[in-house]
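>>> Below are the sequence and a predicted model for it; my questions follow.
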Amino acid sequence: MEEVPLVGHIAGWASRAFRTDVKSAETNFKRLCSLVERVTPPHLNMPVGPSDGDEPVSHIGICECPQFTIGVFIIQSGRSIPLHDHPGMTGIIKVLYGTINIRSYDPCKQNDIKYPPSSISLDHLPLRVYKNDDVTATPESGCQTITVDSGCYHAIDAVGGDAAFLDILSPSYIGVDCTYYKEWHPNETTDHPNETTDHPNDTTDHPNDTTDNSATNGSDTGKVNDDGQSADVNGDNREMSWLIKTLHPPDFYTDSIRYTGYPVEHLM
Ligand SMILES: [Fe+2]
């Protein structure tokens with residue numbers, strides 16, 4: 001009987017974690033993380049080292065179905081995956097080689113939303129978010145997780161050399177747009193042509209969008225400083241920020257590299 005390699009077990013437990021009922025999902029997710037922590041480039045039959053191409057980021061698709069996707073992102077030294085969202089998703093990141101820096105934000109609880117001055121167009125309302133401390137991750141760091149409440153807006157940089165990480169997301173991006181963001185300050189205008197919300201990659205109704213109509217119903221419970229800047233911490237002393245949608249950054253593009261490791265589709 002053929003021995004199933006680690007990547008096969010990862011696909012199988014991803015299927016158990018993301019395709020089964022809620023009762024066992026948490027246990028299966030922990031089991032999945034424990035397997036992902038062990039994965040290294042040889043498990044995926046992928047080389048380690050500088051890539052040949054000019055693309056800042058390469059992607060290796062290992063498997064994908066509506067419930068989850070497994071792949072690898074390779075980021076060239078000094079390049080980044082720009083700030084983007086994971087609407088309604090759970091995710092796992094495990095560095096395979098190199099070092100990444102993760103800058104992430106959590107969606108804000110409604111009571112902590114402090115809306116900016118009324119000059120903001122409702123069509124361009126920013127998101128109020130908590131800013132997390134940056135995380136530097138290496139192959140020894142274990143898994144970094146994303147949930148709908150934590151880290152679901154993030155940017156990832158390769159620092160000190162090329163870096164690669166395994167990326168598991170549930171559900172997959174099938175039928176879902178990825179939206180790009182940038183930090184925004186209340187004294188900035190939002191009518192710059194690069195910040196419209198009608199770009200094909202932009203969504204205006206994704207589930208993480210907390211910029212709902214409560215902006216107009218007098219629910220502003222926050223503080224705005226005299227200079228128009230929002231206060232940058234909330235009652236829990238968490239640093240807060242604003243994000244606003246932006247177009248797909250022109251200097252960010254990817255190429256696809258064929259996966260040559262153990263095929264896992266039959267284990268999903
Ligand atoms: Fe991401």
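Alright, I've got the coordinates.
>>> what packs against the least confident helix or strand in the chain by mean pLDDT?
The helix or strand of the chain with the poorest confidence is helix 22-36; it has a mean of 88 (mean pLDDT, DSSP states H and E). Applying 3 or more CB pairs under 8 Å, 6 or more residues apart in numbering; DSSP states H and E, we find helix 22-36 packed against helix 6-19, strand 90-97, strand 143-146, strand 163-170. For every residue, glycine as well, the C-beta is placed using N, CA and C.
>>> Buried residues of it, list them for me.
Of all the residues in helix 22-36, those buried under the rule 16 or more other CB atoms under 10 Å are 25, 28-29, 32-33, 35-36.
>>> Compare the helices and strands packed on helix 22-36 and give me the one nearest residue 53.
For residue 53, the closest of those is strand 163-170, at 13.9 Å, according to CB to CB.
>>> who does the closest one pair up with?
Here strand 163-170 is paired, per DSSP bridges, with strand 69-75 (antiparallel), strand 90-97 (antiparallel).
>>> possible to save those as TSV with mean neighbour count and distance to residue 84?
As requested, the strands paired with strand 163-170 are arranged in TSV below (neighbours: other CB atoms under 10 Å; distance: least, CB to CB, whole Å):
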stretch	mean neighbour count	distance to residue 84
strand 69-75	23	12
strand 90-97	21	12
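>>> what's the closest of those strands to residue 59?
Each of those has some distance to residue 59 by CB to CB; the shortest is strand 69-75, at 5.7 Å.
>>> Contacts for the next helix or strand after that closest one next, please.
Toward the C-terminal end, the helix or strand that comes next after strand 69-75 (DSSP states H and E) is strand 80-85. Strand 80-85 has contacts (CB atoms under 8 Å, 6 or more residues apart in numbering) with 56-57, 73, 75, 103, 152-158, 178-183, 206, 208, 243, 249, 252.
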